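Chemist: what's the 3D shape of this:
(chains A and B)
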Amino acid sequence: MQSDKQSSSPVMRILQSISDASLIPVLAILTAVILGGIIIKMVGGDPFLAYKGLIEGSLGSKKALSETAVWATPYIFAGLAVALAFKGGLFNIGAEGQLAVGAVFSALIGYALPEWLGFSLPIYIHLPLAIIIGMLMGGIWAGIVGALKAYTGGHEVINTIMMNYIALNTTSFLLNGVMKDKSPTNVIARTPLIAESARMPAIFDGLRVHWGFVLALLVAFFIWWLLNKTTLGFEIRTVGANPDAAQYAGINVKRTIILTMMLSGMLAGLAGSIEVTGLNYRHELGFSIGYGYDAIAIALLGRSHPLGVVLAALLFAAMRNGSSRMQFLTQMPVDLISVIQALILLFVAADAIIRYIYRIKSKGERVVLTRGWGG
Amino acid sequence: MDWKRFSFIALIIIVLFGVVVMVGHTKQPPLLIITSMLATTIAVATPLTLGALSGVFCERAGVVNIGIEGMMLMAAFFGWVGAIYMFHVFELGIGISIALGVFFAVLTGAIMSLLHAALSITFKVDQIIGGTVINILAVGLTGFLNRQLFFGKLSVFGGTVPNSPGVLPTLHVPITELFTPICGAATTCLQNVQAINRVFDQKPIAIAAILLVFVSHYVLFNTRWGLRTRAVGEHPQAADTVGINVTKMRYANVIIGGMFAGLAGAYFTIESVPSFEPLLTNGRGFISLAAMIFGNWTPIGAWAAALVFGASQALQINMQIFRDVIPPQWAFLQQSYIVGLTPYILTMIILTGIIGKTTPPAADGVPYEK
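Modeler: Purely as a prediction, here's the structure:
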């Protein structure tokens, strides 16, 4: 649209590139919101009231803002996980499972380590340890898929999905068995509460938003730095753009694929660890249902750019958080949010539809993931 | 299918059946266990078989379809809702409501695959992302409508989920009757024949799935349509040069694939149980894809692979039946979460290619640019 014009000043050029990058996502959101309104109208609701509820519920008060940040925290981590894999030409549908693995191990370290050691640890050792172990286990969980991809060609899409089910079954097994909260009143599949020394402090008194949110923003910046300012980041992006060229240029493609998957899994694992140490103080079966898929939508909406991921995560968090207020005002079920999010994803993925509706010329660059099934 | 893969399939099935016989032989005679296990295997392999056939048609034409899971879920939902509407709102008979339910399921599959075809063929979206969009859309829409149609403001059911008209009946194949004169008065003979008969008493979609395997094989490898389908999947430029309409062939095959996925969806809510719950497909669309890959993109091979997954699911079901007679040294078999891992781990092993390399169609997943 405006790509032909070249602005001379660097500030203008940055603004130009931001507006270029955000044009399609913004139009996609707009279109999905309009379609969502039509759906609300069709099922007998008031779209304006519904969206008013959504905004009030997510931004209308200090508490609403805090809750939006609470929702956004795992979304940022999981979104970054998928985005990083996209940059490396890999599709990580397994954030869900990696997150669960991270959460289980953080919870285990959180409640069981003092028992094993026989003494309690100070918070500056116990908390980081719980987070790091969860993160690493998420990384290993995804790294298995990376290794299978690198050495056997087994496609990561199906393998990460299979690993999701394996993680789900295994955590169900653990949370109903050895790791189950043994307190006499408990009937649900959950771990005991983690020790005080493994809990992340809240930022403000009386609000649930915790330091994990700040950590998420820092990690987003770190991933941007990693991708754009380091050799590893360059290798990841090159392998993602063209594995053959990367091989020819002397990059160890196999190693890079495994590392990309591991880093991606570590980010997803962090999402789980932070939920346990910062919010729930335990792992409970089923708390993370759907995070993995939301993360894909967030990564695509954010154009796999860390800043874009943060913004998209905030948007999705606001929608999730505001949906209960929307339901209260209009009796629209919260599932409506899933429909609107799926529509956003549809329009971001199929940007050709948006370009067609709004008559925008294509600029080339598109994500390519379909590269055969291996086998 | 080469010998290596067929013997792997045979081996896995024998091992799975062997475990069940070993555990259950104190409670039931082995023949009865084997036949009931076989009957369960064929039944639970139905959605996997149909899903794999769906994949075969799409991918033979050059379109990767990872949205089979979502198509199944949508079809399961709309087939079920359709049957309920026909029965309670339009007050049709039970039989016709159920039959129309199957029709709606197949139609839903076709519509969803039309969306996938538009995304991947016309808009040239990356096909894996397109399929993922369909999966996410299916989860969101079925969750939303499931609540809205029964509990929403405009619901005709006013806050209750009415009973579905039921499930498809079991078709009796008269094996026992055939053998009655041969067996004469020998009761053991008759008992054995009755045991074997259980394998053949299947429901309509299960039977249709097996017939469709062979129909698909014939269509793909013995007809002009099949030749053209394979041509656009292997070398669309060459196919185009000789006058085959690549776009049209791809659209048609993706929609055929969607109808298979729709029938697979009907299995869940119209053949297996008369109810719907969110996320009920539980990854079986993805396992179907693994079956398709393991079957080397052939209908019969994919069916054989689907039977392996069916058998591992049947193992899980049987372990619950024989729960109380599992010997203590095999106690882990009591854990359904652990036994339930079998199909997922099998899928991953198969995808490594250590049991024989497979070759996808050359233009699989590549949009055609003239």
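Chemist: The residue of the stretch 1-150 of chain A found nearest chain B: how many residues sit nearby?
Modeler: Residue of the stretch 1-150 of chain A nearest chain B, by CB to the nearest CB: residue A:44 (3.9 Å). Where C-beta positions appear, they are placed from N, C-alpha and C, glycine not excepted. Residues near residue A:44, counting by other CB atoms under 10 Å in any protein chain shown, number 14.
Chemist: now it, what's its secondary structure?
Modeler: Following DSSP: H, G, I helix; E, B strand; the rest coil, we place residue A:44 in the coil state.
Chemist: what's the closest non-adjacent residue to it?
Modeler: With CB to CB, 6 or more residues apart in numbering or on different chains as the criterion, residue A:44 has its nearest non-adjacent residue at 3.9 Å, and that residue is residue B:153.
Chemist: Could you do residue A:121 as well?
Modeler: That would be residue A:197: by CB to CB, 6+ apart, it lies 5.4 Å from residue A:121.
Chemist: Just give me the neighbour total for the one you found.
Modeler: Neighbour tally, residue A:197, other CB under 10 Å: 18.
Chemist: what about it, distance to chain B?
Modeler: 31 Å (CB to the nearest CB, to the nearest Å).
Chemist: got a list of what that residue touches?
Modeler: By CB atoms under 8 Å, 6 or more residues apart in numbering or on different chains, the contact list for residue A:197 reads A:114, A:120-123, A:126-127.
Chemist: What subset of the residues you listed is buried?
Modeler: A:114, A:121, A:126-127 (16 or more other CB atoms under 10 Å in any protein chain shown).
Chemist: Low-confidence stretches in the stretch 201-350 of chain A?
Modeler: A:287-289 (pLDDT under 70).
Chemist: Show me what from it comes close to chain B.
Modeler: A:290, A:293, A:296-297, A:300, A:331, A:333, A:335-336, A:338-339, A:341-343, A:345-346, A:349-350 (CB under 8 Å from any CB of the partner chain).
Chemist: Output the contacting helices and strands for the helix or strand residue B:228 falls within.
Modeler: Counting by DSSP states H and E, the element that carries residue B:228 is helix B:224-234. Helix B:224-234 makes packing contacts with helix B:46-60, helix B:204-222, helix B:236-241, helix B:246-266 when contacts are defined by 3 or more CB pairs under 8 Å, 6 or more residues apart in numbering or on different chains; DSSP states H and E.
Chemist: Let me have those helices in JSON lines, extended by mean neighbour count and mean pLDDT.
Modeler: Formatted as JSON lines, these follow (neighbours: other CB atoms under 10 Å in any protein chain shown; pLDDT from 0 to 100):
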{"stretch": "helix B:46-60", "mean neighbour count": "31", "mean pLDDT": "96"}
{"stretch": "helix B:204-222", "mean neighbour count": "18", "mean pLDDT": "96"}
{"stretch": "helix B:236-241", "mean neighbour count": "16", "mean pLDDT": "94"}
{"stretch": "helix B:246-266", "mean neighbour count": "26", "mean pLDDT": "97"}
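Chemist: Nearest to residue A:76 among the contacts of residue A:197?
Modeler: Nearest to residue A:76 out of the contacts of residue A:197 is residue A:127 (CB to CB; 19.2 Å).
Chemist: any chance you could map the helices in the stretch 251-375 of chain A?
Modeler: A:253-274, A:291-301, A:306-330, A:335-349, A:351-358 (DSSP state H, counting those that start in this stretch).
Chemist: Dump the ones you listed to a markdown table, plus distance to residue B:260.
Modeler: Listed next are those as a markdown table, based on distance: least, CB to CB, whole Å:
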| stretch | distance to residue B:260 |
| --- | --- |
| helix A:253-274 | 32 |
| helix A:291-301 | 24 |
| helix A:306-330 | 34 |
| helix A:335-349 | 23 |
| helix A:351-358 | 26 |
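Chemist: Nearest to residue B:12, out of these?
Modeler: Nearest to residue B:12, of the helices of the stretch 251-375 of chain A and by CB to CB, is helix A:253-274 at 28.0 Å.
Chemist: Check which residues of that closest one are buried.
Modeler: Going by neighbour count (16+ other CB under 10 Å), the buried part of helix A:253-274 is A:253-254, A:256-274.
Chemist: And stretch B:344-354, by the same measure?
Modeler: So, applying 16+ other CB under 10 Å, buried residues of stretch B:344-354: B:344, B:346-351, B:353.
Chemist: quick check: angle from the helix or strand hosting residue A:151 to helix A:253-274?
Modeler: Per DSSP H and E, residue A:151 falls inside helix A:123-152. Orientation of helix A:123-152 against helix A:253-274 (axes from the mean of the first three to the mean of the last three CA atoms, to 10 degrees) gives an angle of 150 degrees.
Chemist: What helices and strands are in contact with helix A:123-152?
Modeler: Packing partners of helix A:123-152 (3+ CB pairs under 8 Å, 6+ apart): helix A:95-117, helix A:156-176, helix A:253-274, helix B:342-352.
Chemist: So what's the gap between it and the chain middle?
Modeler: 16 Å (CA atoms, centre = their mean, to the nearest Å).
Chemist: for stretch B:303-315, same thing?
Modeler: 11 Å.
Chemist: Alpha carbons of that stretch, as PDB, please.
Modeler: Provided in PDB are the C-alpha atoms of stretch B:303-315 (Å, rounded to 0.1, in the frame of the first residue of the first chain):
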ATOM      1  CA  TRP B 303      -6.500 -49.400   7.100                       C
ATOM      2  CA  ALA B 304      -3.900 -51.900   8.400                       C
ATOM      3  CA  ALA B 305      -2.200 -49.200  10.400                       C
ATOM      4  CA  ALA B 306      -5.600 -48.000  11.700                       C
ATOM      5  CA  LEU B 307      -6.200 -51.500  13.000                       C
ATOM      6  CA  VAL B 308      -3.000 -51.300  15.000                       C
ATOM      7  CA  PHE B 309      -4.200 -48.200  16.700                       C
ATOM      8  CA  GLY B 310      -7.700 -49.800  17.100                       C
ATOM      9  CA  ALA B 311      -6.100 -52.800  18.800                       C
ATOM     10  CA  SER B 312      -4.100 -50.600  21.200                       C
ATOM     11  CA  GLN B 313      -7.300 -48.800  22.100                       C
ATOM     12  CA  ALA B 314      -9.100 -52.200  22.500                       C
ATOM     13  CA  LEU B 315      -6.300 -53.300  24.800                       C
END
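Chemist: now check that stretch, is it near chain A?
Modeler: No - using CB under 8 Å from any CB, stretch B:303-315 stays clear of chain A, coming no nearer than 11.6 Å.
Chemist: Quick check: the residue nearest to residue A:44 touching residue A:40?
Modeler: No - the pair residue B:153 / residue A:40 is not scored as a contact, 10.6 Å apart, by CB atoms under 8 Å.
Chemist: Pick out whichever of the two has more residues nearby.
Modeler: residue A:40 (22 against 11).
Chemist: so who does that one touch?
Modeler: Per CB under 8 Å, 6+ apart, neighbours of residue A:40: A:46-47, A:50, A:330, A:332, A:336.
Chemist: Would you report the backbone torsion angles of residue A:332?
Modeler: phi -80, psi 130 (degrees, to the nearest 10).
Chemist: ugh, wrong one, residue B:223
Modeler: Backbone phi and psi, for residue B:223 under degrees, to the nearest 10, turn out to be phi -120, psi 160.
Chemist: list the buried ones in the helix holding residue A:151?
Modeler: Buried residues in helix A:123-152 (16+ other CB under 10 Å): A:126-127, A:129-150, A:152.
Chemist: Wait, residue A:259 touches residue A:232, no?
Modeler: Yes - counting by CB under 8 Å, residue A:232 is a contact partner of residue A:259 at 7.0 Å.
Chemist: between the helices of the stretch 251-375 of chain A, which gets nearest to residue B:237?
Modeler: The nearest among the helices of the stretch 251-375 of chain A, by CB to CB, is helix A:351-358 at 22.2 Å.
Chemist: Fine by me, we can end here.
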